[in-house]
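any chance you can model this:
(chains A and B)
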Protein chains: 2
Amino acid sequence: MKILVVGSVAYDTVRTPFGEVTEVLGGSAAYFSAAAAFFADVRLVAVVGEDFAEEDIQLLRERRVDLEGLSRVPGRTFRWRGEYGFDLNEARTLETHLNVFAAFRPRIPPAYRDSEIVFLANIDPELQREVLGQVATPQLVAADTMNFWITGKPDALRETLKRVHTLLINDAEVRMLAGEPNLVKAARKILSWGLRSLVIKRGEYGALMFSNGWWFSAPALPLEQVLDPTGAGDSFAGGFLGYLANTANFSLDNVRKAVIMGSVMASFAVEDFSLRRLTRLTYPEIEARFREFKGLAQFEDI
Amino acid sequence: MKILVVGSVAYDTVRTPFGEVTEVLGGSAAYFSAAAAFFADVRLVAVVGEDFAEEDIQLLRERRVDLEGLSRVPGRTFRWRGEYGFDLNEARTLETHLNVFAAFRPRIPPAYRDSEIVFLANIDPELQREVLGQVATPQLVAADTMNFWITGKPDALRETLKRVHTLLINDAEVRMLAGEPNLVKAARKILSWGLRSLVIKRGEYGALMFSNGWWFSAPALPLEQVLDPTGAGDSFAGGFLGYLANTANFSLDNVRKAVIMGSVMASFAVEDFSLRRLTRLTYPEIEARFREFKGLAQFEDI
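Modelled structure (predicted):
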């Protein structure tokens, strides 16, 4: 199956307790694509400015990412600057310059309209809906969002969610979106709006999936080296949807494996800054880490 | 195998967003005993005052807890008052009255000295060591501790840990004890002091066990009803050590099941205030919940 992703491609300046980088390739759609491309064909819809480096185009092209939907327009590429403390679960945003992203209106190339899987990364819910209006009949629509849209555009978000099958957000956002402190009640309420499933990202605590009365809990691998958590959630989405696209199998058992594959890709993404670890990754390393997750989580019946 | 536990038996006054209770039975040794007694013989060493209610003695006796080591002395029983916000992971202590617990010096009845498993609940590390001096040759010594002792009596704690096989603490305490923000490095450092294993309790995020290079991650069951998290950690310890005592099997596979059994007992403890859920619990409910954990965590190989 082919995957269409719409989101940001950005230059990030990031400081963590373990180092800092200046104006490195980032953005939700970039992380997603780098992760998903290990498993399936990825079509990228995003915008960059005239300053976007040819080497970054090359980097994505080498991952076999289809860049027909990446428009290059006058102006500067989206910039984000942030930092993390020892608690790597939350970024402090220091600067955001939307630049060319401010006027972004996603235009889906005709060749992308038959995409079977769509990932709407964390952008304005109205733009997310515009994308869906241009895709024929996707079998799986997944979306990310954040507190900014939950509080700032709640009606637009609710409207978009009517057309989304799987929402991927963190646990604070689940509670905020549902207006309900208990995670189980909050998840059930959100699914009652018509979604098929919810994937709750919990950073160093792993991920929880909720669908139709069943829960699946994926652990996070305890990592000795976490340099930069930026992009972990989008790398998770890339592994999750990439694996589903590759296997074209939406059975419960396979969806569980896809959640683990999402966790695998997130665990690699955080081991270095920018897309560095994802771009030097090999498929045998992915398989080996999947087995590590298996060893981490398995136990016998009593 | 027989389990000896030393810790507090207290009257708790607790307020959570879901209700409040006044002067109900609590304390680390009480929760531990109520949980562990489902699996094995438990010998309780603690102190209460003259005001300790006969019905609470009866409650423990009905769980088949051996109370020869529970001394009743002039004065009032230990009181704790605390509250929780919607984030149930952390208690705010409002009042602590040690009362008879202030002068507690654990005296182990001769009949308890052959205990094969010892649980040193969260008390002064010097008292923990005094207990070990009175037990013959325990096969497994597990201990809990907290930030108060880590910062207040670090040398005494390190001395006690030399005689402990398994330490059960939360993740902030792991980092504090090791003086190392990375959990993997912190866990490895603590084990280098001579411990066999570390169980890291993470509240609603489950538990992690680390031993000799391997990790095991136990999920937490997403619960719709969490009334009061007080005693969750001690109930975990009760399920964990109770299951090991019952099976008398310290193989890696069995230890993993014991961690899940700890999680099972903690998941019940938080469903009501005080020991209420644990005391009306049945063994078939425990087995059913163990299977729920299995369903929550399992996935197939790729």
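
alpha carbons only for contacts and neighbour counts from here, please
Noted.

for chain B, see how far away A:V131 is.
The gap separating A:V131 from chain B is 32 Å, by Cα to the nearest Cα, to the nearest Å.

next, count neighbours for the nearest residue to that residue once chain neighbours are set aside.
Closest residue to A:V131 apart from its sequence neighbours, by Cα to Cα, 6 or more residues apart in numbering or on different chains: A:P106 at 6.4 Å. Neighbourhood size, A:P106 [other Cα atoms under 10 Å in any protein chain shown]: 19.

for A:P106, which residues are in contact?
Taking Cα atoms under 8 Å, 6 or more residues apart in numbering or on different chains as the contact definition, A:P106 lies against A:6, A:45-46, A:127, A:130-131.

got a ChimeraX select line for the buried ones in these?
This is the ChimeraX syntax for the buried subset of the contacts of A:P106, where burial follows 16 or more other Cα atoms under 10 Å in any protein chain shown:
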select /A:6,45,46,127,131
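
quick check, nearest of the contacts of A:P106 to chain B?
Nearest to chain B among those: A:V6, at 28.2 Å, using Cα to the nearest Cα.

what's the pLDDT at the closest one?
Note on A:V6: pLDDT of 98.

ramachandran angles for it?
Dihedral angles of A:V6 (phi, psi; degrees, to the nearest 10) stand at phi -120, psi 130.

show me what contacts the nearest residue to it once chain neighbours are set aside?
Excluding the flanking residues, the one nearest A:V6 by Cα to Cα, 6+ apart is A:V45, at 4.7 Å. Contacts here follow Cα under 8 Å, 6+ apart; on that basis A:V45 touches A:4-7, A:29, A:67-71, A:106-108.

what is the nearest of these to B:F236?
Taking Cα to Cα as the measure, B:F236 lies nearest A:A29 of those, at 41.6 Å.

so the closest one, which state does it fall into?
Under DSSP: H, G, I helix; E, B strand; the rest coil, the three-state class of A:A29 is helix.

with A:A156 instead?
Taking three-state DSSP as the rule, one finds A:A156 in the helix state.

per-residue pLDDT, it?
Note on A:A156: pLDDT of 97.

can you tell me the helix or strand for A:P106?
For A:P106, there is no enclosing helix or strand under DSSP states H and E.

what about it, distance to chain B?
Separation of A:P106 from chain B (Cα to the nearest Cα) stands at 35 Å.

equivalent analysis for A:L252, please.
A:L252 sits 10 Å away from chain B, going by Cα to the nearest Cα.

ok, A:Q298 - contacts?
By Cα under 8 Å, 6+ apart, A:Q298 lies in contact with B:216, B:297-298.

related to what we said a few turns ago, buried subset of the contacts of A:V45?
Buried among the contacts of A:V45 (16+ other Cα under 10 Å): A:4-7, A:29, A:69-70, A:106, A:108.

report pLDDT for the nearest residue to A:R105 once chain neighbours are set aside.
Excluding the flanking residues, the one nearest A:R105 by Cα to Cα, 6+ apart is A:L127, at 6.7 Å. Looking at A:L127, its pLDDT stands at 97.

check which helix or strand covers A:L127.
Using DSSP H and E, A:L127 sits within helix A:125-132.

what does A:L94 give?
Using DSSP H and E, A:L94 maps to strand A:92-97.

chain center to that strand: distance?
In terms of Cα atoms, centre = their mean, to the nearest Å, the centre of strand A:92-97 is set 19 Å apart from its chain centre.

contacts for that strand, please.
By Cα under 8 Å, 6+ apart, strand A:92-97 touches A:78-84.

before we move on, back to that, and the contacts of whatever helix or strand comes next after the helix holding A:L127?
The element immediately downstream of helix A:125-132 (helix or strand, assigned by DSSP H and E) is strand A:140-144. Residues from elsewhere that reach strand A:140-144 (Cα under 8 Å, 6+ apart): A:116-122, A:163-169.

for A:D56, give me its contacts.
Shown in contact with A:D56 (Cα under 8 Å, 6+ apart): A:L25.

which parts of the helix or strand encompassing it are buried?
Here A:D56, judged by DSSP H and E, is contained in helix A:54-62. Neighbour counts over helix A:54-62 (16+ other Cα under 10 Å) mark A:L60 as buried.

after it comes which helix or strand?
Downstream of helix A:54-62, the first helix or strand assigned by DSSP H and E is strand A:70-73.

after that following strand, next one along is what?
With elements assigned by DSSP H and E, the helix or strand that comes after strand A:70-73 is strand A:78-83.

strand A:92-97 and that following strand, what's the angle between them?
For strand A:78-83 against strand A:92-97, the angle by axes from the mean of the first three to the mean of the last three Cα atoms, to 10 degrees is 160 degrees.

how many neighbours does A:E287 have?
Applying the criterion other Cα under 10 Å, we find 14 residues in the vicinity of A:E287.

ok, A:A53 next?
By the criterion of other Cα under 10 Å, A:A53 has 12 neighbours.

please apply the same query to A:T282.
Counted with other Cα under 10 Å, residues neighbouring A:T282 total 11.

what pLDDT does it get?
On pLDDT, A:T282 comes in at 98.

for it, give its distance to chain B.
Distance from A:T282 to chain B, counting by Cα to the nearest Cα: 16 Å.

show the backbone phi and psi for that residue.
Torsion angles at A:T282 (phi, psi; degrees, to the nearest 10) stand at phi -120, psi 160.

of all the contacts of strand A:92-97, which comes closest to chain B?
A:Y84 (13.0 Å).

just checking, the closest one touches A:E90?
Yes: using Cα atoms under 8 Å, A:Y84 is in contact with A:E90, at 6.6 Å.

more crowded one of these two?
Neighbour totals were compared for A:Y84 and A:E90, and A:Y84 leads with 19 against 13 (other Cα under 10 Å).

so A:L208 bridges to which residues?
Beta-bridge pairing of A:L208 under DSSP bridges involves A:I200, A:S217.

returning to that earlier point: partners of the strand holding A:L94, with directions?
In the sheet, strand A:92-97 lines up with strand A:78-83 (antiparallel) (DSSP bridges).

how about the strands in chain A?
For chain A, strands defined by DSSP state E occupy the ranges A:2-6, A:10-16, A:19-26, A:41-49, A:70-73, A:78-83, A:92-97, A:117-120, A:140-144, A:166-170, A:197-201, A:207-211, A:214-218.

contact partners of stretch A:169-177?
Here stretch A:169-177 makes contact (Cα under 8 Å, 6+ apart) with A:144-147, A:150, A:181-183, A:186-187, A:190, A:198-202.

got the residues of chain A near chain B?
Neighbours of chain B within chain A, by Cα under 8 Å from any Cα of the partner chain: A:86, A:181-185, A:205, A:214-219, A:222-224, A:253, A:256-257, A:287, A:290-291, A:294-302.

quick one, grab the pLDDT at the residue positioned nearest the centre of chain A.
Nearest to the mean C-alpha position of chain A, by Cα atoms, centre = their mean, lies A:D234 at 2.2 Å. Predicted confidence (pLDDT) for A:D234: 98.

distance of it from A:P219?
The gap separating A:D234 from A:P219 is 17 Å, by Cα to Cα, to the nearest Å.

before we move on, what about A:V48?
From A:V48 to A:P219 the distance is 35 Å (Cα to Cα).

who's more crowded, these two?
Each of A:V48 and A:P219 has its neighbours counted (other Cα under 10 Å); A:P219 has more, 29 against 24.

with that, I have no additional questions.
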